[in-house]
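J.: sharing a sequence plus its predicted fold:
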Amino acid sequence: SSPPTWSVVSGSSYTFTLNPSSGSGTYVIEYYAIDNAGNTESVKSTTVKIDADSPSASHSMSGTVGNNDWYTSSVSITLTATDSSSGVDQIKYRIDGGSWTVYSGTFSIYSDGEHVIEYYATDKVGHSSSTKSITVKIDKTKPNSSHNIAGTYINSWYKDEITITITTSADTSGVNMLYY
(Lines give C-alpha, C1' and ligand atoms only; values in the text may rest on other atoms or scores of the structure.)
Protein backbone atom coordinates (compact mmCIF):
# COMPACT_ATOMS: atom_id res chain seq x y z
CA SER A 1 0.00 0.00 0.00
CA SER A 2 1.11 3.55 -0.59
CA PRO A 3 2.29 5.73 2.32
CA PRO A 4 -0.31 8.01 3.88
CA THR A 5 -0.78 11.56 2.67
CA TRP A 6 -0.29 13.97 5.54
CA SER A 7 -1.83 17.39 5.94
CA VAL A 8 0.38 19.90 7.74
CA VAL A 9 -0.91 22.72 9.95
CA SER A 10 0.91 25.12 12.27
CA GLY A 11 -0.04 25.61 15.87
CA SER A 12 -0.80 23.41 18.82
CA SER A 13 -4.40 22.58 17.96
CA TYR A 14 -6.42 21.83 14.85
CA THR A 15 -10.07 20.90 14.43
CA PHE A 16 -11.50 19.32 11.31
CA THR A 17 -14.70 17.66 10.22
CA LEU A 18 -14.77 14.15 8.87
CA ASN A 19 -17.70 13.97 6.47
CA PRO A 20 -17.10 10.81 4.48
CA SER A 21 -18.42 11.04 0.95
CA SER A 22 -18.54 7.25 0.74
CA GLY A 23 -21.05 6.98 3.59
CA SER A 24 -20.85 4.73 6.60
CA GLY A 25 -17.68 2.93 7.58
CA THR A 26 -14.69 2.64 9.87
CA TYR A 27 -12.00 5.28 9.51
CA VAL A 28 -8.51 5.38 11.03
CA ILE A 29 -7.16 8.84 11.84
CA GLU A 30 -3.38 8.97 12.29
CA TYR A 31 -1.56 11.97 13.72
CA TYR A 32 1.73 13.13 15.22
CA ALA A 33 3.48 16.39 16.08
CA ILE A 34 6.91 17.93 15.78
CA ASP A 35 7.99 20.60 18.25
CA ASN A 36 10.05 23.72 17.48
CA ALA A 37 13.26 21.92 18.47
CA GLY A 38 12.62 19.16 15.89
CA ASN A 39 11.54 16.42 18.31
CA THR A 40 9.04 14.08 16.61
CA GLU A 41 6.57 11.94 18.53
CA SER A 42 5.53 8.49 17.37
CA VAL A 43 2.50 8.25 15.11
CA LYS A 44 -0.73 7.84 17.08
CA SER A 45 -4.08 6.72 15.75
CA THR A 46 -7.73 6.55 16.62
CA THR A 47 -10.45 4.58 14.95
CA VAL A 48 -13.80 6.23 14.25
CA LYS A 49 -16.95 4.41 13.15
CA ILE A 50 -19.54 6.46 11.26
CA ASP A 51 -23.06 5.25 10.55
CA ALA A 52 -24.58 7.72 8.13
CA ASP A 53 -27.16 5.34 6.66
CA SER A 54 -30.66 4.37 7.72
CA PRO A 55 -31.71 0.75 8.15
CA SER A 56 -34.09 -0.90 5.72
CA ALA A 57 -37.18 -2.86 6.72
CA SER A 58 -39.27 -5.44 4.89
CA HIS A 59 -42.06 -7.93 5.55
CA SER A 60 -43.41 -11.29 4.49
CA MET A 61 -46.90 -12.69 4.93
CA SER A 62 -48.26 -16.22 5.00
CA GLY A 63 -51.77 -17.54 4.93
CA THR A 64 -54.24 -19.05 2.49
CA VAL A 65 -54.50 -16.70 -0.47
CA GLY A 66 -57.92 -16.44 -2.09
CA ASN A 67 -58.99 -14.27 -5.02
CA ASN A 68 -58.43 -10.55 -5.55
CA ASP A 69 -55.70 -10.20 -2.89
CA TRP A 70 -57.95 -11.56 -0.11
CA TYR A 71 -56.75 -14.16 2.39
CA THR A 72 -59.24 -16.84 3.42
CA SER A 73 -57.39 -17.61 6.65
CA SER A 74 -55.59 -15.76 9.40
CA VAL A 75 -52.40 -14.10 8.18
CA SER A 76 -48.97 -14.37 9.83
CA ILE A 77 -46.67 -11.39 9.33
CA THR A 78 -42.91 -11.46 9.74
CA LEU A 79 -40.94 -8.22 9.82
CA THR A 80 -37.20 -8.01 9.13
CA ALA A 81 -34.65 -5.22 9.06
CA THR A 82 -31.01 -4.82 8.09
CA ASP A 83 -28.41 -2.19 8.85
CA SER A 84 -24.89 -2.57 7.49
CA SER A 85 -23.21 -0.29 10.01
CA SER A 86 -24.22 0.04 13.67
CA GLY A 87 -26.87 -2.70 13.41
CA VAL A 88 -30.62 -2.85 13.90
CA ASP A 89 -31.86 -1.67 17.28
CA GLN A 90 -35.56 -2.48 16.92
CA ILE A 91 -38.55 -2.72 14.63
CA LYS A 92 -41.85 -1.12 15.59
CA TYR A 93 -45.27 -1.76 14.08
CA ARG A 94 -48.88 -0.85 14.57
CA ILE A 95 -52.15 -2.31 13.37
CA ASP A 96 -55.03 -0.17 12.11
CA GLY A 97 -53.58 3.06 13.52
CA GLY A 98 -53.20 1.70 17.05
CA SER A 99 -50.23 2.16 19.38
CA TRP A 100 -46.72 1.45 18.15
CA THR A 101 -45.44 -1.90 19.45
CA VAL A 102 -41.86 -3.20 19.56
CA TYR A 103 -41.66 -6.21 17.25
CA SER A 104 -40.59 -9.39 19.02
CA GLY A 105 -41.48 -12.03 16.43
CA THR A 106 -44.06 -13.16 13.91
CA PHE A 107 -47.59 -12.02 14.72
CA SER A 108 -50.96 -12.90 13.22
CA ILE A 109 -54.06 -11.03 12.15
CA TYR A 110 -57.17 -13.13 12.81
CA SER A 111 -60.24 -10.96 12.21
CA ASP A 112 -62.07 -10.50 8.92
CA GLY A 113 -61.69 -7.13 7.22
CA GLU A 114 -59.06 -4.88 5.72
CA HIS A 115 -56.21 -4.15 8.14
CA VAL A 116 -53.39 -1.64 7.69
CA ILE A 117 -50.02 -2.63 9.15
CA GLU A 118 -47.38 0.11 9.42
CA TYR A 119 -43.78 -0.59 10.42
CA TYR A 120 -40.29 0.89 10.54
CA ALA A 121 -36.85 0.04 11.90
CA THR A 122 -34.28 2.03 13.87
CA ASP A 123 -30.57 1.39 14.09
CA LYS A 124 -28.30 1.63 17.12
CA VAL A 125 -27.42 5.30 16.50
CA GLY A 126 -31.02 6.45 16.04
CA HIS A 127 -31.53 6.47 12.27
CA SER A 128 -35.01 5.33 11.19
CA SER A 129 -36.11 3.65 8.01
CA SER A 130 -39.07 5.08 6.16
CA THR A 131 -42.41 3.89 7.51
CA LYS A 132 -43.89 1.22 5.28
CA SER A 133 -47.55 0.33 5.04
CA ILE A 134 -49.24 -2.88 3.93
CA THR A 135 -52.92 -3.73 3.67
CA VAL A 136 -53.99 -7.21 4.74
CA LYS A 137 -57.44 -8.27 3.53
CA ILE A 138 -59.00 -11.26 5.34
CA ASP A 139 -62.34 -12.91 4.65
CA LYS A 140 -62.71 -16.30 6.37
CA THR A 141 -66.52 -16.23 6.28
CA LYS A 142 -68.28 -18.14 3.52
CA PRO A 143 -71.18 -16.43 1.75
CA ASN A 144 -74.68 -17.27 2.93
CA SER A 145 -77.35 -17.92 0.27
CA SER A 146 -81.10 -18.41 0.59
CA HIS A 147 -84.09 -18.68 -1.69
CA ASN A 148 -87.67 -17.49 -1.84
CA ILE A 149 -90.40 -18.98 -4.05
CA ALA A 150 -93.47 -16.94 -4.96
CA GLY A 151 -96.52 -18.60 -6.49
CA THR A 152 -99.77 -20.38 -5.69
CA TYR A 153 -98.98 -23.31 -3.38
CA ILE A 154 -101.63 -25.96 -2.84
CA ASN A 155 -101.20 -29.39 -1.21
CA SER A 156 -97.36 -29.34 -1.49
CA TRP A 157 -97.58 -28.32 -5.17
CA TYR A 158 -97.30 -25.04 -7.00
CA LYS A 159 -100.31 -24.53 -9.27
CA ASP A 160 -98.63 -22.69 -12.17
CA GLU A 161 -95.85 -20.22 -12.86
CA ILE A 162 -93.54 -19.45 -9.94
CA THR A 163 -90.86 -16.83 -9.27
CA ILE A 164 -87.70 -17.98 -7.51
CA THR A 165 -85.39 -15.42 -5.93
CA ILE A 166 -81.96 -16.50 -4.75
CA THR A 167 -80.06 -14.04 -2.59
CA THR A 168 -76.63 -14.24 -1.08
CA SER A 169 -74.56 -12.10 1.20
CA ALA A 170 -70.87 -11.87 1.90
CA ASP A 171 -70.27 -9.18 4.49
CA THR A 172 -66.51 -8.73 4.19
CA SER A 173 -65.22 -9.06 0.63
CA GLY A 174 -68.58 -8.86 -1.14
CA VAL A 175 -70.30 -11.28 -3.52
CA ASN A 176 -68.34 -12.23 -6.62
CA MET A 177 -70.75 -14.64 -8.35
CA LEU A 178 -73.96 -16.52 -7.66
CA TYR A 179 -74.47 -19.84 -9.45
CA TYR A 180 -77.77 -21.61 -9.97
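T.: All right, it came through fine.
J.: pLDDT of the strand ranked longest in the chain, averaged?
T.: Secondary structure of the chain per DSSP state E: the longest strand is strand 113-123. Throughout strand 113-123, pLDDT has a mean value of 98.
J.: helices or strands next to that strand in the packing?
T.: Contacts defined by 3 or more CB pairs under 8 Å, 6 or more residues apart in numbering; DSSP states H and E place strand 113-123 against strand 56-62, strand 75-82, strand 88-95, strand 132-138. For every residue, glycine as well, the C-beta is placed using N, CA and C.
J.: next, the angle strand 132-138 makes with the second one.
T.: Spelled out, it's strand 75-82. 170 degrees (axes from the mean of the first three to the mean of the last three CA atoms, to 10 degrees).
J.: what pairs with strand 75-82, parallel or antiparallel?
T.: strand 56-62 (antiparallel), strand 107-109 (antiparallel) (DSSP bridges).
J.: tell me what angle that strand forms with strand 88-95.
T.: Going by the same axes, to 10 degrees, strand 75-82 makes 150 degrees with strand 88-95.
J.: again, but for the first one
T.: Taking the same axes, to 10 degrees, strand 56-62 and strand 88-95 form an angle of 50 degrees between their directions.
J.: across the sheet, point out what pairs with Y119.
T.: Counting by DSSP bridges, Y119 is bridged to Y93, K132.
J.: need the contact list for it.
T.: Applying CB atoms under 8 Å, 6 or more residues apart in numbering, we find Y119 in contact with 57, 59, 79, 91-94, 103, 131-132.
J.: verify the stated contact: Y180 with I166.
T.: Yes - counting by CB atoms under 8 Å, Y180 touches I166, with 5.7 Å between them.
J.: all good on my end, thank you.
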